[in-house]
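*Asks:* next input, structure requested:
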Amino acid sequence: MTKSMGKGKQEKEPTLKGTFASVILLAAFIVLTWLGVFVLFISRG
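*Replies:* Residues are numbered from 1 along each chain as shown. Okay, here's the model as predicted:
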């Protein structure tokens, strides 16, 4: 019985650097927005 794993064409995994950068930027935007609203809430209280 022959194994088909490791034989034939193997596809490379795509690099996820752009995805990682997008997630970091989105997280930074959410955190900065939340902090801005929080500071505004505290200053008006």
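*Asks:* assign T15 to helix, strand or coil.
*Replies:* Per DSSP: H, G, I helix; E, B strand; the rest coil, the secondary structure class of T15 is coil.
*Asks:* report how many residues lie close to it.
*Replies:* By other Cβ atoms under 10 Å, 8 other residues sit near T15. The C-beta positions use only the backbone N, C-alpha and C, and glycine is treated the same way.
*Asks:* quick one: low-confidence ranges for the chain?
*Replies:* Applying pLDDT under 70 to the chain flags residues 1-9.
*Asks:* what about the helices in it?
*Replies:* Listed from the start of the chain, the chain has helices (DSSP state H) covering 17-44.
*Asks:* so how far is K17 from the most centrally placed residue in the chain?
*Replies:* Geometric centre of the chain, nearest residue: V23, 2.9 Å, by Cα atoms, centre = their mean. For V23, the distance to K17 equals 11 Å [Cβ to Cβ, to the nearest Å].
*Asks:* also L40?
*Replies:* Distance of L40 to K17, given as Cβ to Cβ: 35 Å.
*Asks:* gap between L32 and Q10?
*Replies:* 42 Å.
*Asks:* ah, wrong one, I meant A28
*Replies:* For A28, the distance to Q10 - Cβ to Cβ - is 36 Å.
*Asks:* ok, now A27?
*Replies:* For A27, the distance to Q10 equals 33 Å [Cβ to Cβ].
*Asks:* also V23?
*Replies:* 27 Å.
*Asks:* what's the answer for G36, then?
*Replies:* Using Cβ to Cβ, one obtains 47 Å as the distance from G36 to Q10.
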